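>>> Structure of the sequence below:
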Amino acid sequence: MEYVLLAVIGLCSGIIGALVGLGGGAILVPATLFIGLTLGMIPELTPQKVVGISVVMMIATGLASTLSYMKSKTIDYRSGFIFFIGSVPGTILGAYVNKGIDLPSFNLYFGILLIILAIILLIRDHIKPVQWFVKHGKEQTFIDPKDGKTYVYGYPIWFALLLTFGIGFASGLFGIGGGSMIVPAMIILFLFPPHVAVATSMFMVFLSSIVNSVSHIYFGHVPWLYTIAVIPAAYIGAKIGAALNQKINSNTLVLILRIILLILGIRSIYEGLF
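As a prediction, the model looks like this:
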């Protein structure tokens, strides 16, 4: 029964993660912690093992999404590689720090992060884009094939490396893909077109998840039997999510996601404190 539940969680994580560029970990980690530890259905799981499942899953979701976005030609490969380079040392450091976190502390810190992510998603459409980073970085252009609109975006490389180091640390520590943080930054700070931001984010998630997974495998955090149940479902979900991204407006889903992250964050903080 637990394998079926994990597969369903993996499918939903893949769909939502690819659709809005999250990577899926922000859905899988709290959901798996809830059924595994709170409900006691998989008592042998620990926060470290749940993070291990999540980071390996994100290789599948990142790969599936990247293959889909390659066809639509919305990936900025140069930016994806730069963001990946910045995230690698942070990812390794986060995986190392994860070893020493107990369940209450993990719940508390993860809950705070979820609420921060929910707030970012809540305000990202109401924040005026920042022009400074584009002016002080290398400008790039993208012509949206749907409406012919031209976007000009860019960023200073040094700032992108610092930003993605912090995002990589959170990814390694909590098993989230990093897309939930980098996508708003790309749109608000660097003026990326939304579809390019999501596609490039999933490309970076794919690359960084490989490093993240190797780190957690080295530290013995990956329960392979449970992970194998998640991977194919997450891969299928990511293909579905990437296809939907090209066809629908994701505002409704993002609104639902904000509410879910707030609820999960509050519950996680409560469990961490009490």
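>>> what about the residue positioned nearest the centre of the chain, which SS state?
Central residue check for the chain by C-alpha atoms, centre = their mean: the C-alpha nearest the mean position is that of Gly177, 2.8 Å away. Three-state call for Gly177 (DSSP: H, G, I helix; E, B strand; the rest coil): coil.
>>> Please list all residues in contact with it.
Applying C-beta atoms under 8 Å, 6 or more residues apart in numbering, we find Gly177 in contact with 17, 22-26, 58, 61-62, 171, 201, 205, 208-209. C-beta here means a position set from N, CA and C on the backbone, and glycine is covered the same way.
>>> show me where pLDDT drops low in the chain?
21-23, 146-147, 248-254, 256-257 (pLDDT under 70).
>>> For it, just list every one of the strands.
Ranges of strands within the chain are 140-143, 150-153, based on DSSP state E.
>>> just to revisit the earlier point, which one among the contacts of Gly177 gets closest to Phe110?
Ala26 (9.5 Å; C-beta to C-beta).
>>> gap between that closest one and Val50?
As judged by C-beta to C-beta, to the nearest Å, Ala26 and Val50 stand 12 Å apart.
>>> Which of these two has more residues huddled nearby?
Each of Ala26 and Val50 has its neighbours counted (other C-beta atoms under 10 Å); Ala26 has more, 32 against 27.
>>> what's the closest non-adjacent residue to Ser54?
Distance criterion C-beta to C-beta, 6 or more residues apart in numbering; nearest residue to Ser54, sequence neighbours excluded, is Gly175 at 3.5 Å.
>>> thinking again about what came up before, okay, the strands of the chain in a markdown table with distance to Ile9 and mean neighbour count next?
Compiled in a markdown table, those are given as follows (distance: least, C-beta to C-beta, whole Å; neighbours: other C-beta atoms under 10 Å):
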| stretch | distance to Ile9 | mean neighbour count |
| --- | --- | --- |
| strand 140-143 | 34 | 14 |
| strand 150-153 | 34 | 15 |
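>>> Test my guess that Gly166 contacts Pro89.
No. Checked against C-beta atoms under 8 Å, the pair Gly166 and Pro89 is beyond contact range at 10.8 Å.
>>> shared neighbours of the two, anything?
Common neighbours of Gly166 and Pro89, counting by C-beta under 8 Å, 6+ apart, are absent.
>>> Can you list the buried residues in stretch 216-224?
216, 221-223 (16 or more other C-beta atoms under 10 Å).
>>> among these, which are in helices?
His216 (DSSP state H).
>>> Where do the helices of the stretch 51-200 of the chain begin and end?
77-98, 103-123, 132-135, 157-174, 179-188, 194-218 (DSSP state H, counting those that start in this stretch).
>>> okay, these in a markdown table with distance to Tyr151 next?
Output for the helices of the stretch 51-200 of the chain, formatted as a markdown table (distance: least, C-beta to C-beta, whole Å):
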| stretch | distance to Tyr151 |
| --- | --- |
| helix 77-98 | 13 |
| helix 103-123 | 21 |
| helix 132-135 | 10 |
| helix 157-174 | 17 |
| helix 179-188 | 10 |
| helix 194-218 | 8 |
